[in-house]
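Novice: one predicted model, sequence on top.
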Amino acid sequence: MQTPTSSPTHSSPAHSSPARSSRSGTARRRALVAVVVAACLIGAACGGTSESSDPTTTTTTLPASVPPAPGGPDDPAFAAPGPFPVGVTTLELPDRKVEVWYPAADGITGVPVATYSQLDALPPDLAALAPGLLPQGVPPEVLTVTMTDTFRDVAPSTSGPFPLVLFSHGFGSFRLDASALARGMASWGFVVAAPDHLERNRAALITGQVVREPSRDVQVLLDTITLVGGAGGVLAGLTDTELVGAVGHSAGGRAALSALSEPQVDVAVGWAAAGRDDVPAPPKPSMNIAARVDVLVPIEEVEQTYAGLAAPKRLVVIDGAGHNSFTDLCLAVRSGTDLIGIAQSIGFQLPESLAAGAVDGCQPEAIDTLTGWEITQSFTVAQLREGLGLDDSGAGLGAGVVSAWDIPIEYVEDLGGPAADTSGAGG
């Protein structure tokens, strides 16, 4: 964590917890409460009752699947990896793959760290040809992305079931492009499922077969709920599909925010979200995280989307971040091993807008990639925990949290009620 040298401003009403999602009172949660109450009646030893008998002192009782927050409202409580090791596995809908990150059991040994290739995003015929187009002496292995501290098909944690987070990738991207942040969310006790949006993924873009159908994006996310909930193997019984959040980047942010209109989805977070379906927004919790100098989804567009959402809602704007600051791509760009950069180095001509968008947020003057991920992860996990009714401490969502990083951050919230503030503040 960098030492802050400035104090970015925050404009918000007095902090309070957003309304719980309408689905947070599930049968499982009611059963948990009943068990806790029974224990109190029998043993007269409820946690949260101090020896001083202060009636205002309480302690939230969290299920085993919800790690306690390592900090308060003004702390970047979820910037670091969570307490769970992370596994990853691949499921399949009838027509597409779905990557799933999940909390794994402790004691992983002798298992190689999971990887993927940038070639995985291409149609198979082009992926087979691509290695031959690399500059002389450059092996195909340079296109391999290592998913840090993530292990394929390892045993799951026994602390579940865990809430489900649906992840929708951006236009021209694919299901694995945000593996670092997906891994981060899973480490805090979520099953994170990312389907390939075949209609607008990288293969569709390259082959000129893009179909812009936002409603289809949402339906794919809903189909993923059923798929993951009924999965066997390492995911058997691991997911609580009564508690569902949606997170997405760019066009996927549009899908995530649009999915709020579906009864299955309780909370949504958009990263550089490219709008939302033009229908009245339900009063469910949401957060928009934006890049100040995004060339593909300008900040004005994100602010317009935020204005159209119902409270409770939050807006986070990160200075120095760009459109791809939220993906794995920037590490490859900065090391000179990204597929688009290599293609350009051998004279392959790309549309100027595509080339500029691909490296937006990855230039030397842009925010440090790992710092951008820390900020995004901390706010996202905090919003998911609160929006799903898992934690009412407000950890990571206080006004002072913006001072945790040496990056100006604008943070605005409208939690509803007469004190609501939607004016925003500069960082």
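Specialist: Done, it's in.

Novice: for the stretch 201-350 of the chain, which spans come out with low pLDDT?
Specialist: 343-350 (pLDDT under 70).

Novice: can you give me the helices for it?
Specialist: 202-206, 214-229, 251-258, 299-308, 329-335, 339-345 (DSSP state H, counting those that start in this stretch).

Novice: residues in contact with the longest one?
Specialist: It stands for helix 214-229. The contact list for helix 214-229, computed with CB atoms under 8 Å, 6 or more residues apart in numbering, reads 91, 93, 96, 98, 100, 164, 166, 168, 191, 193, 195, 197, 199-200, 235, 239, 241, 244, 246, 251-252, 254-256, 258-259, 262, 264-265, 277. Heads up, the C-betas are built off the backbone N, CA and C, glycines and all.

Novice: show me which residues of that helix are buried.
Specialist: P214, D217, V218, V220, L221, L222, D223, T224, I225, L227, V228, G229 (16 or more other CB atoms under 10 Å).

Novice: closest to G394 out of the helices of the stretch 201-350 of the chain?
Specialist: helix 299-308 (20.0 Å; CB to CB).

Novice: and that closest one, what does it pack onto?
Specialist: strand 286-291, strand 313-318 (3 or more CB pairs under 8 Å, 6 or more residues apart in numbering; DSSP states H and E).

Novice: looking at the ones you listed, which is nearest to D392?
Specialist: strand 313-318 (15.8 Å).

Novice: quick one: distance of the closest one to the chain centre.
Specialist: 14 Å (CA atoms, centre = their mean, to the nearest Å).

Novice: picking that back up, now the buried members of the contacts of helix 214-229.
Specialist: 91, 96, 98, 100, 164, 166, 168, 191, 193, 195, 197, 199-200, 235, 239, 241, 244, 246, 251-252, 254-256, 258-259, 262, 264-265, 277.

Novice: redo the buried residues of helix 214-229 as JSON lines? Include distance to D360.
Specialist: Formatted as JSON lines, those follow (distance: CB to CB, whole Å):
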{"residue": "P214", "distance to D360": "22"}
{"residue": "D217", "distance to D360": "22"}
{"residue": "V218", "distance to D360": "26"}
{"residue": "V220", "distance to D360": "26"}
{"residue": "L221", "distance to D360": "25"}
{"residue": "L222", "distance to D360": "30"}
{"residue": "D223", "distance to D360": "31"}
{"residue": "T224", "distance to D360": "28"}
{"residue": "I225", "distance to D360": "32"}
{"residue": "L227", "distance to D360": "32"}
{"residue": "V228", "distance to D360": "31"}
{"residue": "G229", "distance to D360": "36"}
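
Novice: quick one: contacts for the closest residue to K284 other than its chain neighbours?
Specialist: Sequence neighbours aside, L260 is the residue nearest to K284 in space, at 5.0 Å (criterion: CB to CB, 6 or more residues apart in numbering). L260 is in contact with A246, V267, A268, A281, P282, K284, S286, counting by CB under 8 Å, 6+ apart.

Novice: what angle do the lengthiest strand in the chain and helix 214-229 make?
Specialist: Ranked by residue count under DSSP state E, the longest strand found in the chain is strand 239-249. On the basis of axes from the mean of the first three to the mean of the last three CA atoms, to 10 degrees, strand 239-249 is oriented at 150 degrees to helix 214-229.

Novice: what is the orientation angle of strand 239-249 with helix 251-258?
Specialist: 130 degrees.

Novice: quick one: distance of strand 239-249 to the chain centre.
Specialist: With CA atoms, centre = their mean as the basis, the mean position of strand 239-249 lies at 10 Å from the chain mean.

Novice: packing partners of it?
Specialist: Short answer (3+ CB pairs under 8 Å, 6+ apart): strand 239-249 packs on helix 27-43, strand 162-168, helix 214-229, helix 251-258, strand 267-271, helix 369-387.

Novice: how about 6 Å then?
Specialist: Counting contacts by 3 or more CB pairs under 6 Å, 6 or more residues apart in numbering; DSSP states H and E, strand 239-249 is packed against strand 162-168, helix 214-229, helix 251-258, strand 267-271.

Novice: so what's the residue count around C362?
Specialist: C362 has 22 neighbouring residues, counting by other CB atoms under 10 Å.

Novice: what distance do you get for it to I340?
Specialist: 10 Å (CB to CB, to the nearest Å).

Novice: list residues touching both of the two?
Specialist: Shared contacts of C362 and I340, defined by CB atoms under 6 Å, 6 or more residues apart in numbering, are absent.

Novice: what's the domain layout of the chain?
Specialist: 28-61, 70-414 (automatic domain parsing).

Novice: out of the ones you listed, deepest packed?
Specialist: Stretch with highest mean neighbour count among the domains of the chain: domain 70-414 (a mean of 20; mean count of other CB atoms under 10 Å).

Novice: now do that one: distance from first to last residue.
Specialist: Distances were taken as CA to CA, to the nearest Å; on that basis the terminal residues of domain 70-414 are 25 Å apart.

Novice: next one: it to chain centre, how far?
Specialist: 5 Å.

Novice: any idea how far the closest residue in space to P131 that isn't next to it in sequence is from A274?
Specialist: Excluding its sequence neighbours, the residue lying closest to P131 (CB to CB, 6+ apart) is P140, at 4.2 Å. Per CB to CB, P140 is found 32 Å from A274.

Novice: as a whole number, average confidence for stretch 110-126?
Specialist: Averaging pLDDT along stretch 110-126 gives 90.

Novice: list the contacts of the most centrally placed residue in the chain.
Specialist: For the chain, the residue nearest the mean C-alpha position is V247 (4.9 Å; CA atoms, centre = their mean). By CB under 6 Å, 6+ apart, the contact set of V247 is V165, F167, A256, V269.

Novice: who does it bridge with?
Specialist: F167, V269 (DSSP bridges).

Novice: can you put the contacts of V247 in TSV and add distance to G110?
Specialist: Output for these, formatted as TSV (distance: CB to CB, whole Å):
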residue	distance to G110
V165	29
F167	29
A256	37
V269	35
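
Novice: let's have the helices and strands packed on strand 239-249 in TSV, adding distance to E303.
Specialist: Shown next, in TSV, are the helices and strands packed on strand 239-249 (distance: least, CB to CB, whole Å):
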stretch	distance to E303
strand 162-168	21
helix 214-229	20
helix 251-258	14
strand 267-271	12
